[in-house]
Every structure is written in C-alpha cells, then in structure tokens.
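Participant: The sequence and its predicted three-dimensional model are supplied below.
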Amino acid sequence: MSRLDRLILELKGAGGEALIFTTGRALQSLVQGKMIPSPNQPATTSDIVGLFLEIVPPDQAFELEGDCELRFPYQVQGGPCTQATVDRKGDVVFAQVRLVADAPAPAPAPAASAPALVSSEPGWDFFGDEAPPLTAGADLGSARDLELPEGLPPLELDLPGDAPEPPAAPASPDLESDPGPAPAKTAARTLEDGVASAGAPAAPKAAAAAASPAPAPAPTAPGAARIQSSGRGLRSLLGLLRAQGGSDIHIAAECAPRMRVRGELVEIDQPPLSSAEIEALFQSTLNREQRQVFDKERSVDFSLELAGLGRFRGNAYRERKGVDLVLRAVPVQIPNLSSLGLPPSVEKLTQYPNGLILVTGPAGCGKSTTQAAIVDRINETWHDHIITIEDPIEFIHPQKNCLVNQREVGTHVRDFAEALRSALREDPDVILIGELRDLETIQLAITAAETGHLVIGTLHTVDAARTVNRLVDVFPSGQKAQIRSMVSESLRGIISQRLINSADGKGRVAAFEVLITDRSISNLIREGKVYQIPNLLKVGKAKGMISMDDAIIDLVKQGKADPTAAQEAMEKPDELEKALKKPAPAAAPSKPGAKPAPETPAAASVRLPRGIGGGGSR
C-alpha cells in the first residue's frame, strides 16, 4: 500500500472529501467543507512529485518531471475511488486527490466543530519526522500565502457539492454584464424554478419529484426571494450567476451569498461561508503582486477567467466580519455598437484621429462594455496601435487590424499615471484608460489627447455638463482657465448612460446621452458657461446629439422602458407626461343650428401611474 493510499483511507474514515498538496505548505484536508491544515512541515516540490510518482499511470510518469497538468482516476487498494490532479509549473506544484462519491459513505457523528483527523499510520507524516494529530478548528489564515511565479495557472479547489459546469452563455447586449438568457433547462434550475417569493403557490408534486432533492430552504422574510444552489465552490457560484443571467455575485462573511439579477439582490439558498472559506475561494486566483496589495491595502481588484464560464471582474476587501468578495460577469463576447443600442453618432466618434472621448455614468451601468465596443470598432476599421490601461483587464481584445496591447494596473504597471507616462513613449495611436481617478491621470489624458492621440476614458458622472465640470474642478483654481481651453480643443464627445427597468420587467435597458463637440460647445466650455450645454443638446439632434431625458422618453415611446422607472430617472419628470400626451383633434366647423360636438379628452399613448409626473427637477 502506497503512502498516499494510507492518507486517503484516513481521510475517508474522518469523513473528509479531498487532500490538497502545495509547494511550500503543509498538507491540507477538506473535511465537511472546511480546509484543515496539517501541522506537519511544508512540502517541497520533490516531496509531492515523489508521492504522486507512486500512483500515476506509467505512461504519464515522465510528465511529472516538467510542467504538466495531469488528471487521472485512482483506485485505492480495497478502498475508495479518487480523482487525482497534479498541476506543475517550474518549481511549484499544486495537487489534490478528491474522493469520488461511488457509494454513500456513513455520515460522521455530529460534532460542534469539524472532525479531528488523526493519523495512526507512520506514512501520514511523509514530510517530517513526527506526526502530531491534525486538530480541527485551526486558524486557516490565507488559503495560499505561497510566493508564486506570475502567471501560474491556479488549481481550483471548490468546496464539496459543486454543480456540473454549465455551458458558456452567448454574448448579450445588456450593459450590466448580463451574459444573456438562461440556457435550456437541465438539472440546474432556472430562475423561474429556483426563485420562489414568499406566499407564492407551491409547484406541482410531479414537477417537484422530477427535480433533484434539496434541503428545505430556511424561512425568509416576507417578500424575500431565494435562488436554489447545489454547490458552494467558486466555480459553482459563478456558473449559477451565468445560468441565471445575473450581473454580480456578493459573497460576504457569515451571510448567504447574494446575486444581482435585473438590478436587485437575490439570496442564494445555501449556508453562509466563513471569512476563511471566502479567502480560500479567491486567494488561489491572485498572483504574487495582487496578494501583496491585498495584504497591504486590505482590498484588491482582480480578473478571473474560468474555462467554460468566461471572464469575471472581482474585488476582495476586508470589513467588520472578515473578508468579502464581489464578482461581476463580463460578457463572453465583445458586443458591437448597434447591439448595445448606441445612437449612430457614436460611430462617428471612432473616426477621429485624436482627441478625448469620455464614457460616463454611475457605477454598474456598463461603461466598460461601451468602452470595449468602441475599441473593438477601432480595431476593425483602423490599422494602428491600441494600448489599454485597465484595473483589472475585463475584455480580451483579439488582434484584428490593429496591434492591441493590454496592461493591468497592479500586475503590469504600478498605477494609471505611470502607465500613461510610459504609453506616450510606446508609439500608441489609441489609448484606453479604464478610469480617470485623480488629477495626475486626468492631466496626462488631456495632454495625450492634445498631442495627437485618441484617448478613451471613463468618469463616474451622470451627464455631459457634470462631466465637463468634473474635468475642470479637479484642478487648482489658478489652472482652471487653462484647462477649460485645453478641454474645449481636445474633447470630441461624451457618452453618458443609465440603466432603466424594462417595460416587460425582465431586465434593464440603457439610455444614452450623447454630446458631440462642435464650435458652440467648445465656446461654452472655454467661457465657463457649461450650464448651457443641456440647451444645446436639445437643439443639436441634427448633429447626432441627444439629452438623457429625450433618450428616456424615446425608450418609453418604443415600449422598451417602464414608465415609472423612466420618470424616476429623469431630470425633469414632468417632461415625460407632456411628451406622451396626444393633442386633441381639431374640431370641425359646425353648421348653423347644429349641436356642439362633445369634447374629446387628450389620450396618453402610455398610461402613467397616478401621483407621478409632478414638475421640477430632481
């Protein structure tokens, strides 16, 4: 019997699920959903390789001597079946042996904490001279604090009960990173099957029998909704996010995970995760620099790509109860401008050889998606050099007609300002800046636009006038006149966007305000009369301009936006009611002595809720 056989048998006897081996760390066991570290000394790469050389198929043994990704089944002599995985790159090895549920194992006796795993076999401590007992409840700390070479593909260690990997979702034009409609119903439940509001009628017994059995959800507050989930691992949760058409997932310490679907957070029906478990979910996805940032700053932005699921943008941060994690789904494919519903005038902005284009809006409205669509259009129609500076990289731009280089803040460069300074020496034609965060970045972006580059950036402002004010007000008072002059000459256009609940209640639609800089707009910016920009947007429709209120009114008239939500999003809510009212038909001249015709009330094309539509701006 090999050393690994003894470890697997002891793991099964303790009710465990997997053994995890990592270069530079002691052996860890997955027992009842908790990662329990062994007190043995850390393993070396040769220790782990030697262990797996005893069980790997002979035709694959030579691969362990170099970089490899091996997955193979293994049958313990007279014991359980397992699935072994070995992932080696250079001097670092990640490996795991997971028990395969070929037969239901007897449940371990209930305990107040995770069971203790004590080895009686001398082969347990194959890394050290002594084998102290492996006690439960040990402080897990970081899931992986190993200094790893940059770019090492992490070994995913999902907690037990992971759902099967769902197929990749099709691209979607939804700006809130909605990966599209849910796939056809499979064993994984769809939103209609998995979300049940309190007080809703129960499903028929026949339908319930067809679904896989699941524990009864805990009672929820009136009006709450829950999504059923069969897995607690990161891959399972992100697969559920894709399948349900959600945009974000929130994993908070001591709380059940929540998913943002159609703009609202919905609870996922599963037990809360501890801070250590959450840290174990995301630490293996970080490279060395990102782990250092998280340890120092207590938060970190990162991107994640999973086979079959696509890319996700993540942020991990510490708060009162521990570590929290937020992940946003990035559309599988880069959408084009028309599929996003952008006005045709936006495509004209991609034809400028230089200048500044800004995409603005509140957080979560899809600015990155619009930016990506603009860059993709340039990539198809230009023959130039594009440099993107992002935090983190979301969309991967293929090489089409342009050379595209993408740099990630914190991974490839220290900050936006440093990346911009170096970009000016890298012969770019187009520079995309993920976010204009501070004075130095804004100043460098304006300078780059003035020196012959097309610069595309974002700001968290809600309309064109406020965007111009933000650009100017960030500078000291002594420089504002000069900055107004520079912005008036370099600004090419501003796209402001907002998401509004759709009329059918199944999602959200985007409304776009578009400013195209012409001589009149430039004069207003130079003279500090930015407050007059909304008036020029109203009269500039022939040039492709549109105000946010007019864009929202058009969506309601087309039956795409919910009138109540639309009116709440407008600067002047009473304009919607006025625009939707049909004028009464002119009365025909009456003949002498004829009775007057009854008055015909003005009918609205869309009926607004009672009590909504008062005057005044918000």
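Facilitator: Structure's in. What do you need?
Participant: only C-alpha atoms for contact and neighbour calcs from this point on.
Facilitator: OK.
Participant: what's the first-to-last distance across stretch 37-48?
Facilitator: End-to-end distance for stretch 37-48, by C-alpha to C-alpha, to the nearest Å: 16 Å.
Participant: Which positions in the helix or strand where Phe52 lies come out as buried?
Facilitator: Phe52 belongs to helix 45-53 when assigned by DSSP states H and E. Within helix 45-53, the residues that qualify as buried are 45, 48-49, 52, counting by 16 or more other C-alpha atoms under 10 Å.
Participant: Just the closest of those residues to Val474, please.
Facilitator: Among the buried residues of helix 45-53, Thr45 lies closest to Val474 (C-alpha to C-alpha), at 52.3 Å.
Participant: How many neighbouring residues does the nearest residue to the closest one once chain neighbours are set aside have?
Facilitator: Closest residue to Thr45 apart from its sequence neighbours, by C-alpha to C-alpha, 6 or more residues apart in numbering: Thr23 at 5.4 Å. Using other C-alpha atoms under 10 Å, Thr23 has 22 neighbouring residues.
Participant: show me what contacts Thr23?
Facilitator: Contacts for Thr23 (C-alpha atoms under 8 Å, 6 or more residues apart in numbering) come out as 42-45, 48, 92-94, 146.
Participant: still on that earlier bit, so how far is the helix holding Phe52 off the chain centroid?
Facilitator: 37 Å (C-alpha atoms, centre = their mean, to the nearest Å).
Participant: Flag every buried residue along the next helix or strand after it.
Facilitator: Next helix or strand after helix 45-53 toward the C-terminus (DSSP H and E): strand 68-75. Buried residues in strand 68-75, counting neighbours by 16+ other C-alpha under 10 Å, are found at 68-70, 73-74.
Participant: Packing partners of strand 68-75?
Facilitator: For strand 68-75, the packing partners by 3 or more C-alpha pairs under 8 Å, 6 or more residues apart in numbering; DSSP states H and E come out as strand 81-89.
Participant: Next, the buried residues of the strand it packs on.
Facilitator: Here strand 81-89 shows 81-82, 84-89 as buried, counting by 16+ other C-alpha under 10 Å.
Participant: quick revisit: can you tell me which of the buried residues of strand 68-75 comes closest to Lys581?
Facilitator: Glu69 (65.9 Å).
Participant: from memory that closest one sits against Thr85, does it?
Facilitator: Yes. Glu69 lies in contact with Thr85 (C-alpha atoms under 8 Å); the separation is 7.4 Å.
Participant: quick one on the thing from earlier: can you add distance to Val293 and pLDDT and give the buried residues of strand 68-75 back as JSON lines?
Facilitator: As requested, the buried residues of strand 68-75 are arranged in JSON lines below (distance: C-alpha to C-alpha, whole Å; pLDDT from 0 to 100):
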{"residue": "Cys68", "distance to Val293": "29", "pLDDT": "81"}
{"residue": "Glu69", "distance to Val293": "29", "pLDDT": "81"}
{"residue": "Leu70", "distance to Val293": "31", "pLDDT": "85"}
{"residue": "Pro73", "distance to Val293": "38", "pLDDT": "88"}
{"residue": "Tyr74", "distance to Val293": "39", "pLDDT": "86"}
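Participant: Pipe the residues you listed into TSV and attach distance to Arg3 per row.
Facilitator: TSV is the format used below for those (distance: C-alpha to C-alpha, whole Å):
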residue	distance to Arg3
Cys68	22
Glu69	22
Leu70	20
Pro73	17
Tyr74	14
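Participant: and the two most separated of those?
Facilitator: Farthest-apart pair in these is Cys68 and Tyr74; separation 17.8 Å (C-alpha to C-alpha).
Participant: what ranges do the helices span in the stretch 1-150 of the chain?
Facilitator: With DSSP state H, counting those that start in this stretch, the ranges of helices along the stretch 1-150 of the chain come out as 3-13, 45-53.
Participant: hang on, Ile521 in a strand?
Facilitator: No. According to DSSP: H, G, I helix; E, B strand; the rest coil, Ile521 belongs to no strand; its state is helix.
Participant: Tell me which helix or strand in this structure has the weakest average pLDDT.
Facilitator: Least confident helix or strand of the chain, by mean pLDDT, DSSP states H and E, is helix 191-194 with a mean of 32.
Participant: who touches Lys543 in this structure?
Facilitator: Lys543 neighbours (C-alpha under 8 Å, 6+ apart): 345, 516.
Participant: go with 10 Å
Facilitator: Contact analysis of Lys543 by C-alpha atoms under 10 Å, 6 or more residues apart in numbering lists 345, 515-518, 537.
Participant: next one: Ile552
Facilitator: Taking C-alpha under 10 Å, 6+ apart as the test, what Ile552 contacts is 498-500, 509-513, 558, 560-563, 565-567, 569-570, 576.
Participant: Can you give me the pLDDT of it?
Facilitator: Listed pLDDT for Ile552 reads 94.
Participant: Any buried residues in the host helix or strand of it, and which?
Facilitator: Assigned by DSSP H and E, Ile552 belongs to helix 548-557. Across helix 548-557, burial judged by 16+ other C-alpha under 10 Å covers 548-556.
Participant: From the residues you listed, pick the one nearest Ala481.
Facilitator: Closest approach to Ala481 among the buried residues of helix 548-557 (C-alpha to C-alpha): Met548, at 27.8 Å.
Participant: can you give me the helices in the stretch 501-618 of the chain?
Facilitator: Using DSSP H, counting those that start in this stretch, helices in the stretch 501-618 of the chain cover 519-526, 533-539, 548-557, 563-569, 574-580.
Participant: which element follows the longest helix belonging to the chain toward the C-terminus?
Facilitator: In the chain, with assignment by DSSP state H, the single longest helix is helix 367-381. Per DSSP H and E, the first helix or strand lying C-terminal to helix 367-381 is strand 385-390.
Participant: That next one pairs with which strands, parallel or anti?
Facilitator: Using DSSP bridges, strand 385-390 pairs in its sheet with strand 403-408 (parallel), strand 430-433 (parallel).
Participant: any weak-confidence spans in this structure?
Facilitator: Applying pLDDT under 70 to the chain flags the ranges 101-232, 582-618.
Participant: want to throw the buried residues of helix 548-557 into TSV with distance to Asp248?
Facilitator: Formatted as TSV, those follow (distance: C-alpha to C-alpha, whole Å):
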residue	distance to Asp248
Met548	26
Asp549	28
Asp550	29
Ala551	26
Ile552	25
Ile553	28
Asp554	28
Leu555	25
Val556	27
